[in-house]
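Q: show me the folded form of this:
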Amino acid sequence: MNFVYAIICHKFTEPLLFTVKTLLQSPRSRIVLHIDAKTSNDDVVKIQSALGEHKHLYYIPKSQSIDVRWGSVSQIEVMLLLLRSAQCYDYQYFSLISGDDIPLSSNASREQFFKQAYLKQTEFMGYNSIHNATQRLEIKYLPFLYQKDHSILGKMRRKFFLMYAQFFRKQDISHLPELYKGSQWFSLTREAVSYILNYIDQHPTYFKAFEHSLCGDEVFFQTILFNSPFRSYIYGIDDNLPDCEMGARYIDWVSGPSYPRELNQTDFEKMKRSGLLFARKMKPELPSELFRSLIE
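A: Reported below is the predicted structural model:
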């Protein structure tokens, strides 16, 4: 039984080094790594030099890499690129993580967890019923909305645009199935991944509806799976778990000061106690040797 770990990164970080080195200690791991298109050549060399070459480590070629911008459709594009790239491998679970994430268990423990979960065809994907996903799609957002501008001017521009868009920038999304929103980080069986890719191929207008969405990556995949036969196999769907826990990720959206919180040593005890598979997101400069205690 093999496991694909798809990683989205844009720079070298200590968590990235720890995660790749740790995962590759298992002969069952297959890593597909996407380095952002806007990453400088010097930084690409730094990442590849630090991680090295390995028969189970595949770098998405520079010619195929995507300039990933927060909130834009590029987030969906890079996820689809990784999902399709993984299909050349024989695997049972596909896990999407970022370059700031780390595993919270040993390879042996995680693989045993996945083996047991696979017997029940369990899917790990979150859903948040509080947030309205409709506004993410029904408005055709402009590029400046994809910038995290928290200034007074930025907030005013956003407010006036949304008022204007209610009348002049709306699109008809009535052809879409019921929308679901949740964390973009998930672990899915090969069968679920194949279902998602087949659905997109068979419904070309589906992707088109997300081209001008805002943070549509948190709706795109959930909507497909939660409207499918795989819904009943999603972990914690009837237990009112937080969406991150449904995806088996430790993510702190409560403590701050940044959201999600950048995790450090003060969070280690809670992270380890959580029993989840991965933690997002670690302070990028934390020495990688500190993480060892979390998986022992």
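
Q: which residues of the stretch 101-250 of the chain score low on pLDDT?
A: Scanning the stretch 101-250 of the chain for pLDDT under 70 picks out 164.

Q: now the strands: where do they sit in it?
A: In the stretch 101-250 of the chain, the strands defined using DSSP state E, counting those that start in this stretch lie at 102-103, 187-189, 249-251.

Q: name the helices or strands packed onto the second one?
A: Read it as strand 187-189. Contacts defined by 3 or more CB pairs under 8 Å, 6 or more residues apart in numbering; DSSP states H and E place strand 187-189 against strand 93-98. C-beta here means a position set from N, CA and C on the backbone, and glycine is covered the same way.

Q: can you list the neighbours in contact with the strand it packs on?
A: Contact with strand 93-98 is made by 3-9, 19, 79, 82-83, 86, 114, 117-118, 184-190, 193, 277-278, 280-281, as judged by CB atoms under 8 Å, 6 or more residues apart in numbering.

Q: about what we covered before: ok, which of the strands of the stretch 101-250 of the chain comes nearest F168?
A: Proximity to F168 (CB to CB) singles out strand 249-251 among the strands of the stretch 101-250 of the chain, at 35.9 Å.

Q: in the next helix or strand after that closest one, which residues are buried?
A: Once the chain leaves strand 249-251, the next helix or strand it forms, by DSSP states H and E, is helix 268-274. Applying a neighbour-count criterion of 16 or more other CB atoms under 10 Å, one finds F268, M271, K272 buried in helix 268-274.

Q: list the contacts for R261?
A: D252, W253, V254, S255, D267.

Q: nearest to L286, out of these: which one, please.
A: Within the contacts of R261, proximity to L286 (CB to CB) peaks at D267, which comes in at 10.6 Å.

Q: quick one: pLDDT of that closest one?
A: On pLDDT, D267 comes in at 95.

Q: how about S258?
A: pLDDT for S258: 86.

Q: that one and K148, how far apart?
A: Look at S258 and K148: by CB to CB, to the nearest Å, they are 11 Å apart.

Q: equivalent analysis for I102, please.
A: Noted for I102: a distance of 24 Å to K148, by CB to CB.

Q: and what of A209?
A: Going from A209 to K148 by CB to CB gives 24 Å.

Q: more crowded one of these two?
A: A209 (20 against 8; other CB atoms under 10 Å).

Q: confirm for me that the more buried one is in contact with P177.
A: No: assessed by CB atoms under 8 Å, A209 is found out of contact with P177, at 10.8 Å.

Q: quick one: end-to-end distance for stretch 49-63.
A: Stretch 49-63 has its terminal residues 19 Å apart, counting by CA to CA, to the nearest Å.
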